[in-house]
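Colleague: I would like to see how this sequence folds:
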Amino acid sequence: MSVTVIGGGLAGCEAAWQLATHGVEVDLYEMKPLKKSPAHHLDTMAELVCSNSLRSDRLTNAVGLLKAEMRKLDSLIMKVADETAVPAGGALAVDRDSFSMKIHQAIHGHPFITVHDEEVTEIPGEGVVIVATGPLTSDALSDSIARLQGLSTLHFYDAAAPIVTAESLNMDKVFRMSRYDRGEDYLNCPMDKDEYFEFVHALQTAETADIHGFEEKAVFEGCMPIESMAKRGDMVIAFGPCKPVGLKDPRTDREPFAVVQLRQDNDSATLYNIVGFQTRLRFPEQRRVFGMIPGLENAEYARYGVMHRNTFLNSPGFLDDTYRVIGQERISFAGQITGVEGYVESTASGLLVGLSTAYRLRGMEPPHFSGKTAIGAMGRYISTPNKRFQPMNCAFGLIDPLEVKPGEKRIRNKQQRYEKIAERALEEIDGIVQEIHQVDW
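Modeller: Residues are numbered from 1 along each chain as shown. Model (predicted):
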């Protein structure tokens, strides 16, 4: 039996790869390059629409643990991300073009995967289906999804930060350093007090692009436009994306009042994105206002910041903890459309769906990822009743806390506690990997 996977983003590619590597034939449908959403630019699969960062790679960070779990489970996305990594301090960032191309080639080169370059506007009426169309699901398919019994759909607004060319930066004003002396992977644009407040006041009054139906309350907090943050108070971004903590300007030997960071966006270091500067400012306003940042006076934009509406499901009560539709088990969803937020979380959902589906097609019960693992905790989050369900990044607060036996003391040091949680999670993943290897695929 073959499985239909709709969507060639991170989740769809990971689901297809897990199915194919476990002996299941896959028909993968992707509307690019024939049709693109306004946020898409590349013709290849697994395009990173917003940032090129997959965030922290440390086990004491929940998303770092999630990546470690996926590496053990032979994730295609993680393998390629490691191969295309660019300097980013303690984070994992990639050359987005190479990353997308390598995944595109791997998917097209697998003998068990047939790629169809066409848009799907209706959920197929029969067969096993995985819908991984992401937050940019087309209107036609969204309408088909909305007709599924037991579902109510929601939406929120998401934004991408601008990307500038390295050669256009004024390096006389910029210094290279990662926070807390963790290398020199970031470019830093320091601001004194007067420069900062002049910039913030310009942000607060800058002209924004009109977006149909836009509401501030419908913006996901993790992707809040920089101008919206500025309007919350003059010092908000100084304690957010512009915080100077851990960054000492070598020319003054002290922390600036505020710092705008730039992160390498491609392997050749010719492009940098402005970290945390998601925006819906009009393009001329981006040039004017961001040009007030020291070092960006004459910046050339390879891509302006953009904002778009994202769709996600009201998953609790509709999906189970393996992302299957309750009562319509032939249909599963994966990726940000399920309410997981972030590249890594989306990939993890695709991995779990693909692996679980491969097991079930062989008549076997799939491995159980408990709430002690990051993968299992995310599945539990999207399937647990929640009156105020919103997209969620992986966090240690979602993972089961450490058990404290009678007579033992709770580990008060947060980093040590997280290390123990990560160690416990990876032990469970090792057991699941052994179980997978025992199956005659």
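
Colleague: what's the local residue count around Leu281?
Modeller: By other CB atoms under 10 Å, the residues close to Leu281 number 24. Every C-beta, even on glycine, is put in place using the N, C-alpha and C of the backbone.

Colleague: how close does it sit to Tyr304?
Modeller: Plainly put, Leu281 is 9 Å away from Tyr304 if you go by CB to CB, to the nearest Å.

Colleague: run through the helices of the chain in chain order.
Modeller: Per DSSP state H, the chain carries helices over the ranges 10-21, 62-72, 76-83, 96-109, 139-146, 193-205, 226-231, 283-290, 343-361, 374-383, 414-437.

Colleague: going by mean pLDDT, which of these comes out lowest?
Modeller: Of all the helices of the chain, helix 139-146 carries the lowest average pLDDT, namely a mean of 85.

Colleague: mind listing the strands for the stretch 201-350 of the chain?
Modeller: 258-264, 271-274, 301-303, 306-313, 324-325, 328-333 (DSSP state E, counting those that start in this stretch).

Colleague: hey, least reliable of these by pLDDT?
Modeller: Among these, strand 306-313 carries the lowest mean pLDDT (a mean of 78).

Colleague: and Pro190, which of the strands of the stretch 201-350 of the chain is closest to it?
Modeller: Pro190 lies closest to strand 258-264 among those, at 5.5 Å (CB to CB).

Colleague: which residues touch that closest one?
Modeller: The set of residues external to strand 258-264 that reach it, using CB atoms under 8 Å, 6 or more residues apart in numbering, is 51-53, 86-88, 93, 164, 169, 174, 185-191, 196, 237-238, 241-244, 247, 271-277, 293, 296.

Colleague: what does stretch 135-149 give?
Modeller: With CB under 8 Å, 6+ apart as the test, stretch 135-149 has contacts from 6, 31, 35, 37, 39-40, 49, 119-123, 131, 133, 151, 153, 158, 308, 310-313, 318, 325, 327-328, 331, 335-337.

Colleague: just the buried ones from these, in PyMOL syntax?
Modeller: The buried residues among those can be selected in PyMOL (16 or more other CB atoms under 10 Å) with this line:
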select buried, resi 6+31+39+49+119+120+123+131+133+151+153+158+308+310+311+312+313+318+325+331+335+336+337
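
Colleague: phi, psi of the residue lying closest to Ala159 once chain neighbours are set aside?
Modeller: With sequence-adjacent residues excluded and distances taken as CB to CB, 6 or more residues apart in numbering, Ala159 is closest to Gln278, at 3.5 Å. Backbone torsions for Gln278, taken as degrees, to the nearest 10, come to phi -60, psi 140.

Colleague: show me what contacts Gln278?
Modeller: Cys50, Asp158, Ala159, Ala160, Ala161, Cys223, Met224, Pro225, Ile226, Gly305, Met307.

Colleague: quick check, nearest of those residues to Val289?
Modeller: Using CB to CB, Ile226 is the member of the contacts of Gln278 that sits closest to Val289, with 9.3 Å.

Colleague: tally of neighbours for the closest one?
Modeller: 29.

Colleague: do I have it right that it meets Arg280?
Modeller: No. Contact between Ile226 and Arg280 fails when scored by CB atoms under 8 Å: they sit 9.4 Å apart.

Colleague: quick one: Arg287 from Leu187, how far?
Modeller: 19 Å.

Colleague: so the two - more neighbours on which side?
Modeller: More crowded of Arg287 and Leu187, by other CB under 10 Å: Leu187, with 23 against 17.

Colleague: surely the more buried one is in contact with Leu271?
Modeller: No. The criterion here is CB under 8 Å, and Leu187 misses it with Leu271 at 11.6 Å.

Colleague: could you report the neighbour count for Ser268?
Modeller: As a burial measure, Ser268 scores 12 neighbours (other CB under 10 Å).
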